[in-house]
Each structure stands twice: as C-alpha cells, then as structure tokens.
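A.B. asks: How does the following fold in three dimensions:
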Amino acid sequence: MSRTPNYEFQEWWNKQRAKDHADDHLSCSTSEDFRFLTVDIHNPASNVAVAEKDRSRSARQLSWIYLLKLHQIANSLAFITNGFVSLIRTANRRISTASGERRSESKFYRIIKFFLILSVFLLFVELVAYYRGWHFSPPSLESGVEDWVEYIYAKWLVIRANYLGPLLQSLTNVCIVLFLIQSLDRLILVLGCFYIKVRGLKPVAEMDYTQDAENGGVNAEDYPMVLVQIPMCNEREVYQQSIGAVCIQDWPRDRMLVQILDDSDDADVQSLIKAEVQKWQQRGVHIIYRHRLIRTGYKAGNLKSAMSCDYVKGYEFVAIFDADFQPAPDFLKKTVPYFKGKDDLALVQARWAFVNKDENLLTRLQNINLAFHFEVEQQVNGWFINFFGFNGTAGVWRVKALEDCGGWLERTTVEDMDIAVRAHLCGWKFIYLNDVKCLCELPESYEAYKKQQHRWHSGPMQLFRLCFFDILRSKVSLFKKANLIFLFFLLRKLILPFYSFTLFCIILPLTMFLPEAQLPFWVVCYIPGLVSILNILPSPQSFPFVVPYLLFENTMSVTKFNAMISGLFQLGSSYEWIVTKKLGRSSESDLIAIVENESTPLMESAVARSSSESGLAELNKLEMNKKAGKKKRNRLYRKELALSFILLTASVRSLLSAQGIHFYFLLFQGITFLVVGLDLIGEQVS
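C.D. replies: Numbers count the residues shown, from 1 in each chain. The predicted model follows:
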C-alpha cells in the first residue's frame, strides 16, 4: 500500500518552482516530479483516506460557522430586546401626560383612540375578506352564504351600503362645500393683494418726521406725546434687547415715556429687568419699571393696570411691543404720522419680520403662514375694509380710541382681537403698513408653537360667543356686521380648523373602509395643492417647502380643532395662557447693525456703549443657554401619534383597493403625523 500524497507540500513545492526562473530542462524536471508525486492518485484506499480527512475538516469548519452564526443571532436578539425595552420605557416617560392637561383634552384623545381602534378592526375585517377573495365577488344574503363568517361580512355590506355609507357621504359633501368656500375666500384675498400691488396702493401720511428740527423741519413741539409699553413675564432671554430697542427710538425724549410692565414671578428676572431699566434711566431715557402685586388677567390685566396710572393721562398715543420685538429706531417716525388729519383712525399696525425664519423646518413653515397673514389678509382687509385683527404688538393706538371702546378687558385670551373688534364696532378705522417691519422671534420648538396656536384658536371662539349679540346690536353697516360674523369669525376662525381636521383626518380614512362614500381625488390633491400655492405666494423663496407645508397644516388641524372646540364651548383648556418660549436669537449686535444703517450718530454711540458694558453679561447668558440646551429632550404627543396610526391603517386599506392618489396622501400624511408626534420637527424643549 503506497504512502498518502502530501498535497500541502506539493502546493508549496509548485509555488517555489514557479518563482524560480530556471531553464527549460529544470522546468521539464519539475513537470516530471509533479507527475511522479501524483502517480498513485487513483489508488482506492488513498481516495477513502483523503475523503475521510476532508469530511472531518469540513465538519469542524461547519461547527465553528454555526457557532458564530448562533452567537451573532444571540447578539442581535439581545440588541433588539434591549432596544425595544428602552423604547417602551422612553415612550412611557416622555408621553405627553403633563399634570396641567385638561379633562377636555382627555375626552378628545379618547375619541381619536376610538377611531383608531375602529380603523384597526375594519382593516382586519377587510384583510379577511381580501384573502377569501370577496373583493372580487362579495357575498350576498340573497344568493346564500356558506358559513357564519361569510354571513357576518354579507350583513356588514348591507349595513354599510344602506346606513353608514349615505351618512358619511352627506358629511363629506358638507365638508367639501365648506372647503370650496374657504378656498374661494383665499383666492379672492390673493387677487385683492395682487390688485394692491399692481396699482401701487398704500396709505399716505400727511406729516413727515424724517426732517430733523435743526434743518428747518419739524419742531420738537410738533411731536405728539407717545407712551411705549413692553409687557413681559419671565422674559429672561429677551428683556435686554427689547428694552434697548425701544430706548433708542429716534423721538424727542421729553415726548416719549417707556413703561416696562413686568409680570414676572421670578425674583432673579425682576432684579435683572430693574437693573436694565436703571441703566437706561441714567442715560436720560424716560423709562419706568412697573410690577403688579396682583397678577390677574394675564397680558390684558397688565395693560389695563398700566393705563390706569395718572401720569399717562397726557399721552395721545401708545405703542405696544412684546418682549421679543425689536422695533427699528425710526419706528415711531414711520407710524405716528399717519394719525395726523385722521381723527377716526384708531390703530396703525406694522408688519412682523423674523430673525430666525430659516432656523429649522418648523420656523420655515411658520414663516409661510405669517407671511400670507400679513402680506395678504392684513393688507387687503386694511385697505378695503379699514379693519383687521390687532396682532397684539408692533402697533400704535390712539389712547382716545382705547378709552372709547372700553379699554382692555380680561374676558378672553386674545385681548388684542377683543379690543380691535370693539373699536371697529364703535366706528374707528385701522391702517396696516406692509413696508414697516418689526423684528421678532418665532417659536422654534413644536411644544411652544402648539401652545401658542391653542391660545390663538381658542380665544377667537371665546370672543365670538361673547360679542355675537353686540355685533348684531351695533350701529355699523350691515356689510361690516356680515364681514365680522361670516368671514372674520365663522369662515376663518371656525370653519377652517373644522373642515381641515374632519375632512382629512376623519372622513378620508373612513371612506377607505366605507367605499360607498366617495371623496373625489381633486379634493384630496388638486384643491389642497392650489390653496398651498396661494398661501406660499407671499414668500416665493419657500416654494420648495410647499408639500411639507400642506402636510404640516393638516397635522396642526388637530390642535386648532381642539382649541376651537374648547373656546366655543367654554371648556377648561380654553382659558389656558402659557407664555411662548423664546430663545433670544437676536442680540444687541443686531441693534448696532440697525443703528449703523438707519439712525443718527448720537444714537449709534449710545447703543455701542450699552453693548460694550453689557457684553460680558450677554456672553454669560448665552453660555447658560448652551448649558441648559444639553438637557433638552423631545416628547411624545398622543393625539398626533394616534392619528398617524389611523391614517397609516387607512393607507393599507387603500392599497388593497388600488386607490393611487388616496394611498399616497394617506401614507405621507400619516408619516407627517408620526414625525410630529415623535417631536422630530423643530428644536426640543426641556
């Protein structure tokens, strides 16, 4: 029996010989040696031995491979399990169950949860019917059924066709009509704005304060007495820049008084604001710090208390700025002249400009909404009707008009809209200046934006309920009464959130499970797209965000609808007032840039000194904000998450019936709700 060939040695030998460049004789010898070494390759015993060796080696290799696979699978299972447990714990900890949540919100959430359970159940029923082939030939009670499952499904089809389908179709038709009316209103507003732009229409002032008194222009005595008010509450991040912006107004100092109306309950913030006021007092600015002992009525109570002071009786106009607003030094010179010669003019409103509109996706979408509000709604209503809702800040009021309509009232959370409506009913007129802008800050977190929108949409319903009969009894024309009731309140404050939420978040998913009710594709695609394009026209640089804007507005409809219902029926959350969180994006360096471009050298030096003296404090404040930002985390919002699952469930049902437009809309709208519900839009909050 011959020796078993050593294949490993043979392979090494061949490699060594290949590297050596020998002559032809040696190459031939190598070939002969190779053949000699393999001469016994066909021996049967040798084949058995080699096979056994290869088999044993392959078994060991397979064992190691299987052990490695099992180890990887175990690690993956452990990672998935730990991740799932961590996700559940995080969701349970971050779920939006704040202690201040009202009972009405819990009821609203339970209603949404009911629709979620219903949609999941209906999807299960449709999946069973799909796999049984009933989507091709649905069972019928007349033709007979084979089992109880088929009988139940056939009975469900009868109930769906005779009762549920027609009822849902009627509600759908009502919402479609409301949707078309609101879309027509938007189109008319845009056409009115286009007419104003083409004709170059704008208010004209009879007085010009731009000429300095030293150059033979306006005398100092010709400047009216102006009271400037800055209401604030715990505004640690922005108090310094707002006070500085007001104190450098290019207006005679003996003709202007600044009131800092501080409602802060934080002693440290009060001390900081007092120190800032004292700093400007030392520079000769007429500025007063005022703090209320009894803090009732929120902002309205603060302004009402300030106007009751004896030392403000001699002032003819009052300018109001929120704590995050920074008016340009010539703000008063550009707004107050419009009151000259117009004794029936009550308000001059300026436009807002945003220092952080490009900060994140949330601020970009807010900028689209507010640009349409100011560029289109305010401008058109101001020019054609001489009335619009006061924005609560960046406006100048005639004190006589405030007194004539009853002053500030504490009955709603929209005191600005309240006083504007009452002044309009008393016959006063408003002017909107689109070319006068005042810098401010947009909320950068979804939580802050959501609370702001809740207040902005619950307050108008409170006000509508309170002043409805006052509108009917007023002496204004029938056209103005109709405009207030049907356009200002019902169409733009009630119908808009109602149909947005009902049509796209409830009716559209239900039509997937009740196909007897049809929602035309042009309602889902074409009309919303056209309205979104109209809304985005005032800010053409935002056109790439037209689709996210459409989806996000439908997502916000749940908050607006909840707020509208709360305000209309006097539920507990309707009177909730939470100060919008601000980050202080604009600083004193922005004020210096404004002054360099638009103000006098005297004012520039004053601001430069202020900035240099408070620079260290500003840096410390920014460092504190950075440190505090490390502790920020996102939250989970239950209503948005529940609605996302409703829409995604309906998208699966739509996929079964091959409805293209409806499927894509439901899918992307559900994903948008999911993103917002996970707080993945905007900055996170502590």
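
A.B. asks: so Ile294 sits in a helix?
C.D. replies: No - counting by DSSP: H, G, I helix; E, B strand; the rest coil, Ile294 is located in no helix; its state is coil.

A.B. asks: Can you give me the pLDDT of it?
C.D. replies: For Ile294, the pLDDT comes out at 82.

A.B. asks: number of nearby residues for it?
C.D. replies: For Ile294, the neighbour count with other C-beta atoms under 10 Å is 7. Every C-beta, even on glycine, is put in place using the N, C-alpha and C of the backbone.

A.B. asks: same question, Asp265
C.D. replies: 11.

A.B. asks: What separation is there between it and Glu237?
C.D. replies: Asp265 sits 16 Å away from Glu237, going by C-beta to C-beta, to the nearest Å.

A.B. asks: Please apply the same query to Glu640.
C.D. replies: Where Glu237 is concerned, Glu640 sits at a distance of 27 Å (C-beta to C-beta).

A.B. asks: and these two? which has more neighbours close in?
C.D. replies: Glu640 (24 against 19).

A.B. asks: roughly how far apart are the closest residue to that one other than its chain neighbours and Phe79?
C.D. replies: Distances taken as C-beta to C-beta, 6 or more residues apart in numbering place Gly677 nearest to Glu640, at 3.4 Å, with adjacent residues excluded. Noted for Gly677: a distance of 25 Å to Phe79, by C-beta to C-beta.

A.B. asks: So which of those two has more stuff around it?
C.D. replies: For the pair Gly677 and Phe79, the greater number of neighbours falls to Gly677 (24 against 10), based on other C-beta under 10 Å.

A.B. asks: and that one, what pLDDT?
C.D. replies: For Gly677, the model assigns a pLDDT of 94.

A.B. asks: now the helices: where do they sit in the stretch 451-600 of the chain?
C.D. replies: Ranges of helices in the stretch 451-600 of the chain, per DSSP state H, counting those that start in this stretch, are 478-482, 496-501, 508-513, 521-524, 526-536, 546-568, 588-598.

A.B. asks: Just tell me which of the ones you listed ends up closest to Pro166.
C.D. replies: helix 508-513 (12.6 Å; C-beta to C-beta).

A.B. asks: Please compute how far the closest one lies from its chain's middle.
C.D. replies: In terms of C-alpha atoms, centre = their mean, to the nearest Å, the gap separating the centre of helix 508-513 from the centre of its chain is 26 Å.

A.B. asks: which residues sit against that helix?
C.D. replies: By C-beta atoms under 8 Å, 6 or more residues apart in numbering, the surrounding residues in contact with helix 508-513 are 115, 119, 122-123, 126, 168, 172, 517-519, 524, 646-647, 649-651, 653-654, 657, 659, 662, 665-666.

A.B. asks: what do you get if the cut-off is 6 Å, keeping everything else the same?
C.D. replies: With contact meaning C-beta atoms under 6 Å, 6 or more residues apart in numbering, helix 508-513 is reached by Leu122, Leu168, Ala517, Leu519, Ile646, Leu647, Ala650, Arg653, Ser654.

A.B. asks: these two touch, right, the third one and Ser170?
C.D. replies: No - Ala517 lies out of contact with Ser170 (C-beta atoms under 6 Å); the separation is 8.7 Å.
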